[in-house]
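Novice: kindly generate the corresponding structure for this input.
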Amino acid sequence: MNVNHRRAEDKVERTPKYDINRVDYQWIEKQTSVKEMKLAYDELEFDGCFPDLMKTLGEKIGTMDIEFKRRI
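Specialist: The predicted model follows:
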């Protein structure tokens, strides 16, 4: 069996670190918790469906945590 073609039963259930349904541009603008933003960034990165939102969030985190800029 090809590794890329696994059955639904073979997939491991994963608990999300953060609910990305809460994340939007207004949320990013208001947010002050770097820890919470990093969790949201990790989930957006895993999801891979919102590159512009992830970029905006990454830039905001980078202004608050200089070390994070290397990751972007």
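
Novice: now the spatially closest residue to residue 50 that is not a sequence neighbour, what's its secondary structure?
Specialist: Distances taken as CB to CB, 6 or more residues apart in numbering place residue 44 nearest to residue 50, at 5.6 Å, with adjacent residues excluded. Backbone N, C-alpha and C define where each C-beta goes, glycine included. For residue 44, the assignment made with DSSP: H, G, I helix; E, B strand; the rest coil gives helix.

Novice: average pLDDT across stretch 45-58?
Specialist: In this model, stretch 45-58 has an average pLDDT of 94.

Novice: ok, the residue nearest to residue 50 - contacts?
Specialist: 20, 23, 50, 53, 54, 57 (CB atoms under 8 Å, 6 or more residues apart in numbering).

Novice: ok, 10 Å please
Specialist: 18, 20, 23, 50, 51, 53, 54, 55, 56, 57, 58 (CB atoms under 10 Å, 6 or more residues apart in numbering).

Novice: any chance of CSV for these, columns neighbour count, distance to residue 36 and secondary structure?
Specialist: Formatted as CSV, the contacts of residue 44 follow (neighbours: other CB atoms under 10 Å; distance: CB to CB, whole Å; DSSP: H, G, I helix; E, B strand; the rest coil):
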residue, neighbour count, distance to residue 36, secondary structure
18, 17, 7, coil
20, 20, 12, helix
23, 23, 10, coil
50, 16, 17, coil
51, 10, 20, helix
53, 19, 15, helix
54, 21, 15, helix
55, 12, 18, helix
56, 17, 15, helix
57, 23, 11, helix
58, 19, 14, helix
